[in-house]
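>>> Predicted model, plus sequence, below.
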Amino acid sequence: MYRIVTNTFEKELYYKNTIVLKYKIEFPKIIGNSVGIHRFNRLNFIKAIKLKQYVEKNLFKEAKELYDFNMSNGYPIMIYEIVSNFAITLNKNPYVSLYSDEYIFSGGAHGTTTRISQNWNIQTGNQITLNELFDGNCDYVLYILRDINNQIEEQIANGTNYYFDNYCSLVLNSINLNSFYLDEKYVNIYFQQYDIAPYSSGIPTFQITSLPYTALSR
């Protein structure tokens, strides 16, 4: 197990003596010294820096324009908010898996969240693909699709979640085989907001229990 700490960029941005934007960007750092650790830390640092620069340049400009518009028209002042955090789902030497959720509120009824994941072999310094995990099973995509649709049917039947009526075709058309993270036994596939379900369903995530991965255990 690696020691992983949280680094943070956090700031409130003012315009005409008023807060118009605030952000908090968290990113992981592995404590240690190896090529794989340096690659992991560098990627996550650069990712956080790019988001920070985008927020302070592009979104700050939008926030100032919205402030002026709302003030001119007597509308309530909206504060832009950006929160990026992460969750470690597997930390078992030499493997680290995690996902990051990036929430942006820029006015309107609610904000939007985008999820991005990383699956690392720290020893090699490379990220793992689904194909590597299931290299002994050429039908793994069919297993995944079947498992997801079965779980959706069960959730609809027991009323635990809501999906669009044409979820079968949406799953097939919007599944991204890079959108996954690992736990101790299973692959977890996720979809972005609105891909297959309404906003109230959040980020639909499916633990693929019918097909435990085996590549990491060898």
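Arrived safely, thanks for sending. Numbering: from 1, shown residues only.
>>> so where's the protein shaky on pLDDT?
136, 215-218 (pLDDT under 70).
>>> For it, just list every one of the helices.
Assigned by DSSP state H, the chain shows helices spanning 35-54, 60-73, 130-133, 140-158, 167-174.
>>> okay if I get the ones you listed as CSV plus mean neighbour count?
Just so you know, the C-beta spots here come from the backbone N, C-alpha and C atoms, and that holds for glycine as well. What follows is the helices of the chain, written out as CSV (neighbours: other CB atoms under 10 Å):
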stretch, mean neighbour count
helix 35-54, 15
helix 60-73, 14
helix 130-133, 16
helix 140-158, 15
helix 167-174, 16
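>>> tell me the phi and psi of S34?
phi -160, psi 170 (degrees, to the nearest 10).
>>> What count of nearby residues applies to it?
The number of residues packed around S34, counting by other CB atoms under 10 Å, is 13.
>>> Can you tell me the closest non-neighbouring residue to it?
Closest residue in space to S34, ignoring its immediate chain neighbours: I122 at 7.1 Å, by CB to CB, 6 or more residues apart in numbering.
>>> from memory that neighbour sits against I30, does it?
Yes - using CB atoms under 8 Å, I122 is in contact with I30, at 7.2 Å.
>>> follow-up on the earlier one: what about the residue nearest to S34, distance to S100?
Distance of I122 to S100, given as CB to CB, to the nearest Å: 17 Å.
>>> Could I get the contacting residues of Y23?
By CB atoms under 8 Å, 6 or more residues apart in numbering, the contact set of Y23 is F9, E10, K11, L13, K52, V55, E81, I82, V83, S84.
>>> give me that answer again for 7 Å
Y23 makes contact with E10, K11, V55, I82, according to CB atoms under 7 Å, 6 or more residues apart in numbering.
>>> for Y213, same thing?
Neighbouring residues of Y213 by CB under 7 Å, 6+ apart: L133, F134, V187.
>>> Would you mind measuring from V141 to G32?
From V141 over to G32 the distance is 35 Å, taken as CB to CB.
>>> just N166 next, same as before
As defined by CB to CB, N166 lies at a distance of 47 Å from G32.
>>> With neighbour numbers in mind, choose between these two.
Counted by other CB under 10 Å, N166 and G32 do not tie: G32 has more neighbours, with 14 against 10.
>>> With I122 as the reference, measure out to that one.
According to CB to CB, G32 stands 8 Å off from I122.
>>> quick one: common contacting residues for those two?
With CB under 7 Å, 6+ apart as the test, G32 and I122 both reach Y2.
>>> Centroid-nearest residue for the protein?
Nearest to the geometric centre of the chain sits R115, at 1.8 Å (CA atoms, centre = their mean).
>>> quick one: contacts for it?
With CB under 7 Å, 6+ apart, R115 has these contacts: Y99, D101, Y190, Q192, I203.
>>> Just put the contacts of Y213 in CSV and tack on distance to N150.
Rendered in CSV, the data for the contacts of Y213 read as follows (distance: CB to CB, whole Å):
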residue, distance to N150
L133, 20
F134, 18
V187, 15
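>>> closest to N149 among those?
Nearest to N149 among those: V187, at 15.8 Å, using CB to CB.
>>> For that closest one, which non-adjacent residue is spatially closest?
With CB to CB, 6+ apart as the criterion, V187 has its nearest non-adjacent residue at 4.7 Å, and that residue is I208.
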